[in-house]
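Requesting a structural model of the entry that follows:
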Amino acid sequence: QAQLVESGGGLVRAGGSLRLSCTASGLAFSMFAMGWFRQAPGKEREFVAAIKWNGDIKTYADAVKGRFTISRDDHKKLMTLQMNNLKSEDTAVYYCAANAMAETVTLHDSQYWGQGTQVTVSS
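Next up is the predicted model:
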């Protein structure tokens, strides 16, 4: 059974950094686009970043460009999101998602989701 597990969330001050990880099991990781979404209280889940199944295309939401970096290690079945210069508006639950043989991940097309990890940025 395929499973995605996020880790690395926590409480950090504005301007600080966090590194989120998403570990996959039970799926052919190298064949999946991987990505991150986030959902703040009272708001809809929104796209954050994605990396194509072969790693040659990375996309970012405008709100995180230049601050967040997505990467993947297919041997470890691991995807990471390095988050720098965090802002209070980055506070949310962060979810990883997987979409087979795709360039990116979407809310409606991603086949697998993690349970989420809380990121809280204090101002």
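
hey, let's count contacts and neighbours off CA atoms from now on
OK.

so what's W53 closest to, chain neighbours aside?
A33 (4.1 Å; CA to CA, 6 or more residues apart in numbering).

need the contact list for the one you found.
A33 sits next to 50-54, 98-105 when contact means CA atoms under 8 Å, 6 or more residues apart in numbering.

K77 reaches S21, doesn't it?
No: under the criterion of CA atoms under 8 Å, K77 makes no contact with S21, lying 10.3 Å away.

just checking, what packs against the one helix or strand V12 maps to?
Assigned by DSSP states H and E, V12 belongs to strand 10-13. Applying 3 or more CA pairs under 8 Å, 6 or more residues apart in numbering; DSSP states H and E, we find strand 10-13 packed against strand 117-122.

List the pairing partners of the strand it packs on within its sheet, with orientation.
Strand 117-122 pairs in its sheet with strand 10-13 (parallel), strand 92-100 (antiparallel), by DSSP bridges.

Render the CA-only coordinates of the longest one in PDB, please.
What follows is the C-alpha trace of strand 92-100 in PDB, where atoms were taken according to Å, rounded to 0.1, in the frame of the first residue of the first chain:
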ATOM      1  CA  ALA A  92       0.000  26.200   7.500                       C
ATOM      2  CA  VAL A  93      -0.200  22.400   7.400                       C
ATOM      3  CA  TYR A  94       2.000  21.200   4.600                       C
ATOM      4  CA  TYR A  95       1.100  18.200   2.600                       C
ATOM      5  CA  CYS A  96       3.100  16.200   0.100                       C
ATOM      6  CA  ALA A  97       1.500  14.700  -2.900                       C
ATOM      7  CA  ALA A  98       2.400  12.300  -5.700                       C
ATOM      8  CA  ASN A  99       1.100  12.300  -9.300                       C
ATOM      9  CA  ALA A 100       2.200   9.500 -11.700                       C
END
